[in-house]
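Undergrad: fold the following and give me the result.
(2 chains)
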Amino acid sequence: MGKIQINPSLKRLSKDEFRKWFEGRKKASPKRYGEANLEDHYNELHPTVKKEVKEEVKENKAVK
Amino acid sequence: MTCSQIPMPAGLQKTCGANFEKVKNIFIVDNVTFDSVVKVQSQAEWIKAIREDLTIWGGRVLNSYETTTDDANTVTFDSTRKRDVTRPIPSGLFYFDTNFCDTKELLKTLKNVSRTVVFELNNGSLHMTMGIDGKIKGFAGTLNAITKGIAQPSGVGNNAPVKFYGDSYNEWENGVLIPMDFSLTDLIETYSPLGLTLHSVGKYDTTAGEIAVHVDVRGQGGLEGLSVTDFEIVRSSNIDTPDITGIEIVGNGDYILTIQKGVIPVNLAVGDFVVVRVKVAVGSIVSKVSNEIYISVNE
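TA: Predicted structure coming up:
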């Protein structure tokens, strides 16, 4: 089984909409999406929030 | 030789400064128009068309060509006066040096399609036309590549001749010859994206919403390392928000695309179609591009 990638265009979905879509994928294509983890893929689509927080923390430390 | 009255950078030319030399190359352009001679002479404009807009291609290895325009139909009247009663629209037959995959690609791409063409002459100048709106563009016509199938004993240049049939005599009457200080052939060679071959493996599965595809570097092996955003839907039947929502990277150039429609995506339905290609770009600059494949959804 190869690596699954979700199109960043799906960032447009709210978490609930993404969950509904993802569960639909699992049902429609269990072979491909059955083992896929919703949280991992959702977080992959929204990486910037995490990154910004980390950078902010680093900067604050540097000031101290 | 009839001189163009179009102002050149050197002013209005009462004696022809640009020789109407034989054709060195023919380029196929899609909706490329220029507001001025200066813009035609701008390298940046052409480079943008080649590697960003993907609106110019072809040429590079024109082997030979024939002008196949009919002779005018001459009628002799009772008084023995002669008059030409037709103005045949120009046409030509172009032979490119093509390897096997170029031959296949030309045959698949140029099937009596309406396109515009620009001719580069041996002295580097470009033979184009000017519309009544003052815009400079290629000559409109129909292009058709055709093969006799079996490799020609006369050499690689004759395997996929391309026929060009012009649409309008007026365009030729209003032709412009624009001197250039760079070679469009060289620009095409330097800046054209790498060609890929994309084909589907099987049909679109309406239950899974998926289709298997394979991507080769043209004439070489499978291309790995593509991501979901490297595939694009070029056009579709009239469906809302068509999208490649997911991809499985199988390896060796094999990919499984999840193709769906709608703001909250659902699988395509019977009757829908999408046209897909690979386009690898950094910003607006395209480094790799494939042919387009038509994926229709049948019962």
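
Undergrad: all contacts plus neighbour counts: C-alpha atoms, from now on.
TA: Fine.

Undergrad: residues in chain B within reach of chain A, list them.
TA: Residues of chain B found near chain A, taking Cα under 8 Å from any Cα of the partner chain as the criterion, are B:207-209, B:227-229, B:244-251, B:264-266.

Undergrad: ok, the nearest residue to B:Glu66 once chain neighbours are set aside - contacts?
TA: Closest residue in space to B:Glu66, ignoring its immediate chain neighbours: B:Leu93 at 5.2 Å, by Cα to Cα, 6 or more residues apart in numbering or on different chains. The contact partners of B:Leu93, taken as Cα atoms under 8 Å, 6 or more residues apart in numbering or on different chains, are B:65-68, B:161-164.

Undergrad: kindly recompute the last result at 10 Å.
TA: By Cα atoms under 10 Å, 6 or more residues apart in numbering or on different chains, the contact set of B:Leu93 is B:64-69, B:143-145, B:161-165.

Undergrad: sheet-wise, list the partners of the helix or strand where it lies with their directions.
TA: Secondary-structure element containing B:Leu93, defined by DSSP states H and E: strand B:91-96. In its sheet, strand B:91-96 lies beside strand B:62-67 (antiparallel), strand B:162-166 (antiparallel), with partners assigned from DSSP bridges.

Undergrad: hey, least reliable of those by pLDDT?
TA: For those, the weakest mean pLDDT is recorded on strand B:62-67, namely a mean of 91.

Undergrad: what does it contact?
TA: Outside strand B:62-67, the residues within contact range by Cα under 10 Å, 6+ apart are B:22-27, B:90-98, B:156-158, B:161-164.

Undergrad: next secondary structure after that strand?
TA: Using DSSP H and E, the first helix or strand after strand B:62-67 is strand B:74-76.

Undergrad: pairing partners for that next one, with directions?
TA: Each strand that strand B:74-76 pairs with, and the sense of that pairing, follows from DSSP bridges: strand B:82-84 (antiparallel).

Undergrad: tell me the buried residues in the strand it pairs with?
TA: Residues of strand B:82-84 classed as buried: none (neighbour count, 16 or more other Cα atoms under 10 Å in any protein chain shown).

Undergrad: which strands or helices does the helix or strand B:Val286 falls within pack on?
TA: Taking DSSP H and E as the criterion, the element that holds B:Val286 is strand B:285-290. In this structure, strand B:285-290 packs against helix B:43-51, helix B:184-191, strand B:194-205, strand B:210-217, strand B:273-282, with contacts taken as 3 or more Cα pairs under 10 Å, 6 or more residues apart in numbering or on different chains; DSSP states H and E.

Undergrad: if we can go back for a sec, buried only: go through the residues of chain B next to chain A for me.
TA: Using 16+ other Cα under 10 Å as the burial test, the residues of chain B next to chain A include B:208-209, B:227-229, B:244-251, B:265-266 as buried.

Undergrad: in strands, which of those residues fall?
TA: The strands in this structure, assigned by DSSP state E, contain B:244-251, B:266 from these.

Undergrad: now those residues as JSON lines including pLDDT?
TA: Below are these laid out as JSON lines (pLDDT from 0 to 100):
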{"residue": "B:Ile244", "pLDDT": "97"}
{"residue": "B:Thr245", "pLDDT": "96"}
{"residue": "B:Gly246", "pLDDT": "94"}
{"residue": "B:Ile247", "pLDDT": "95"}
{"residue": "B:Glu248", "pLDDT": "94"}
{"residue": "B:Ile249", "pLDDT": "93"}
{"residue": "B:Val250", "pLDDT": "93"}
{"residue": "B:Gly251", "pLDDT": "91"}
{"residue": "B:Val266", "pLDDT": "95"}
